[in-house]
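Undergrad: Got a predicted structure plus its sequence, pasted below:
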Amino acid sequence: MREKQLAVCDRDDQYLDMLQAYLLKKKPAGFEILVFGSVCQAVAASQEECFEILLIGEHTYNTDAEEIHALKTFILQEDGLSGIKGIPFLSKYQSMEALIRQALDAFALDEACASAVRCGKNRTRLVCFYSPSRHSGQTLASLCAGELLTDWGKKVLYLNLSAFSGFEELLGIQYNADITDFMYFVLKHSDKLLYKLEGMKHTIHGMDYLPPALDYMDLMELDEKDWQNVLDTLLYSGDYTHIVIDLTEVCQGFYHILERSDKIYLVNGKTAAREQAMLHQFQNLLLAKEHGEIIEKATILALQGNWEAQGAALDQLSVSELGAYMKGILQEYEYE
């Protein structure tokens, strides 16, 4: 089966070269990238095989462009012209990451969109971080682990399931959609997961992540079966080697995620008696619920000191003091 095709047609050679270089490097959702400097070239190529997506410059588009066969066409808007037969516009001079995200998100929502299912030979490995005492280092440790795995050549997706992640303020980004939007979409259109993922994901230190929930009540409305279905789709999509989950009790699929995890890290303080007692209570609860296999997969991360006070940027955790500590922990499980 041929790869799906994303075609770009623009007379601006410099812009075309820049966009082509970006797309060939990222290769979003496994698309084959085609570029054309003229409408006639695009028309000829599309007669053989219909493009899935066409991005065409506002000043390149003409009546002949109507002969280009594409499931979804977007005009790369330059001067704010409108009225080209209702074809949707995307701002040409925004960041290329934002441009492709918007195009793929709109494509995923289109009923004419073809399936994007990929089935990997090996199931993605699921790595989970959880703190019974809600230790403030949990998120830093999970982010750091994802960054280290990325440094080691792994392809990682990070999912933060906390009630209040603070990511918008910490990263200086305002999200238009969050992980719950992704979840609800995948539950209805699991075959289009990769398009939606490409349309929503952000990147930190080369690691993909979905914006955390803006309202934790939306997370709580997803039940265990919903999480099972979404995890099945993600783990067998073949798009990532590892998924790192920053888990809290807000998630209704709490125990299911722990059960599905290949490795679990229980984040705790090193000396506080109250934190130790909370960890022991959690372990006893797992035994009472006959979840002994979760304990067997778990390693306790005894974080000492205030890692946040070190001031390491969130995208530089792998080279911080915390990174040195986490590297030793992760290497015990043969990630490299």
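TA: Good, I have the coordinates.
Undergrad: from here on, contacts and neighbour counts on C-alpha atoms
TA: OK.
Undergrad: okay, and for the stretch 1-150 of the chain, where does confidence drop off?
TA: 1-2, 80-83, 85, 111-122 (pLDDT under 70).
Undergrad: all strands of it, in order?
TA: Secondary structure of the stretch 1-150 of the chain (DSSP state E, counting those that start in this stretch): strands located at 5-9, 32-36, 51-57, 70-77, 89-91, 125-130.
Undergrad: any idea how far the fifth one is from the chain center?
TA: A distance of 23 Å separates the centroid of the chain from that of strand 89-91, by C-alpha atoms, centre = their mean, to the nearest Å.
Undergrad: now do the first one
TA: Relative to its chain's centre, strand 5-9 lies at 23 Å (C-alpha atoms, centre = their mean).
Undergrad: Please enumerate the helices of the protein.
TA: 13-26, 39-48, 96-109, 137-151, 167-171, 179-188, 193-200, 216-220, 224-235, 254-260, 273-288, 292-296, 321-331 (DSSP state H).
Undergrad: got the strands of the stretch 1-150 of the chain as TSV, with mean neighbour count columns?
TA: Compiled in TSV, these are given as follows (neighbours: other C-alpha atoms under 10 Å):
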stretch	mean neighbour count
strand 5-9	23
strand 32-36	18
strand 51-57	24
strand 70-77	21
strand 89-91	20
strand 125-130	23
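Undergrad: ok so, going back, dump the helices of the chain to a markdown table, plus distance to I75.
TA: Shown next, in a markdown table, are the helices of the chain (distance: least, C-alpha to C-alpha, whole Å):
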| stretch | distance to I75 |
| --- | --- |
| helix 13-26 | 14 |
| helix 39-48 | 13 |
| helix 96-109 | 10 |
| helix 137-151 | 35 |
| helix 167-171 | 30 |
| helix 179-188 | 25 |
| helix 193-200 | 17 |
| helix 216-220 | 34 |
| helix 224-235 | 31 |
| helix 254-260 | 42 |
| helix 273-288 | 55 |
| helix 292-296 | 51 |
| helix 321-331 | 44 |
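Undergrad: Please tabulate these in CSV, including the columns mean neighbour count and distance to P88.
TA: Shown next, in CSV, are those (neighbours: other C-alpha atoms under 10 Å; distance: least, C-alpha to C-alpha, whole Å):
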stretch, mean neighbour count, distance to P88
helix 13-26, 14, 19
helix 39-48, 16, 18
helix 96-109, 19, 9
helix 137-151, 24, 35
helix 167-171, 12, 28
helix 179-188, 18, 21
helix 193-200, 25, 16
helix 216-220, 17, 30
helix 224-235, 17, 30
helix 254-260, 18, 39
helix 273-288, 15, 52
helix 292-296, 15, 49
helix 321-331, 16, 44
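Undergrad: can you redo the strands of the stretch 1-150 of the chain as CSV with distance to A163?
TA: Shown next, in CSV, are those (distance: least, C-alpha to C-alpha, whole Å):
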stretch, distance to A163
strand 5-9, 37
strand 32-36, 38
strand 51-57, 36
strand 70-77, 36
strand 89-91, 33
strand 125-130, 13
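Undergrad: of all those, which lies closest to H291?
TA: Closest to H291 of the strands of the stretch 1-150 of the chain is strand 125-130 (C-alpha to C-alpha; 15.4 Å).
Undergrad: and the closest one, what other elements does it pack with?
TA: When contacts are defined as 3 or more C-alpha pairs under 8 Å, 6 or more residues apart in numbering; DSSP states H and E, strand 125-130 packs onto helix 137-151, strand 242-246, helix 254-260, strand 263-269.
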